[in-house]
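> What follows is a protein structure lacking sequence information:
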Ligand SMILES: Cc1cc2nc3c(=O)[nH]c(=O)nc-3n(C[C@H](O)[C@H](O)[C@H](O)COP(=O)(O)OP(=O)(O)OC[C@H]3O[C@@H](n4cnc5c(N)ncnc54)[C@H](O)[C@@H]3O)c2cc1C
């Protein structure tokens, strides 16, 4: 008798060539949840996504995206891409808080308004809960 498990994964072939680039030299998705991050990375790998770190973005022209890689960015490469999706992070907007403070209204600055950089919803929710509990 043959068992149904384990079975080899059979990833769908990707219709596109996808490169996932980051300026950081650390592993992609390093800060993702411990129990889920590896699944995302495994899925991307199975779909043939190229993951490059320590990238310097030089320019985009008709040949594609020009990047520099490696130590001191000594290796130049052109990725012949036709779409570039930029995920450039977020900036805090705290104007309302400042206006309220100036008007003498008690206000708390939390979540993305306080620190948008690498904020996650969990931290924002925790801050909200703590402020609410202290009121
Ligand atoms: C593309 C993207 C993907 C993300 N994915 C994830 C993810 O997978 N997991 C994760 O944990 N986090 C993720 N985040 C981050 C997460 O969305 C934020 O950390 C979280 O929403 C911050 O919560 P917040 O309540 O501080 O701000 P927000 O959720 O931005 O809420 C602020 C609210 O205030 C309102 N507002 C602003 N100005 C005023 C004003 N003057 N008067 C009245 N209302 C106003 C806005 O309309 C908005 O509803 C992602 C963020 C982005 C942009």
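Great, that's in hand. Treat the numbers as computed from the prediction; the structure is a model and nothing was measured.
> Packing partners of the helix or strand containing residue 132?
Taking DSSP states H and E as the criterion, residue 132 maps to helix 121-134. Applying 3 or more CB pairs under 8 Å, 6 or more residues apart in numbering; DSSP states H and E, one finds that helix 121-134 contacts helix 111-114. Backbone N, C-alpha and C define where each C-beta goes, glycine included.
> pLDDT on the helix it packs on, on average?
Average pLDDT, helix 111-114: 94.
> again, but for stretch 85-95
Averaging pLDDT along stretch 85-95 yields 89.
> since we're on residue 106, how many residues are nearby?
Residue 106: 7 surrounding residues under other CB atoms under 10 Å.
> and residue 67, that one's in a strand?
Yes - with DSSP: H, G, I helix; E, B strand; the rest coil as the criterion, residue 67 is assigned to a strand.
> So it is in contact with residue 55, correct?
Yes - taking contacts as CB atoms under 8 Å, residue 67 lies within contact range of residue 55: 5.0 Å.
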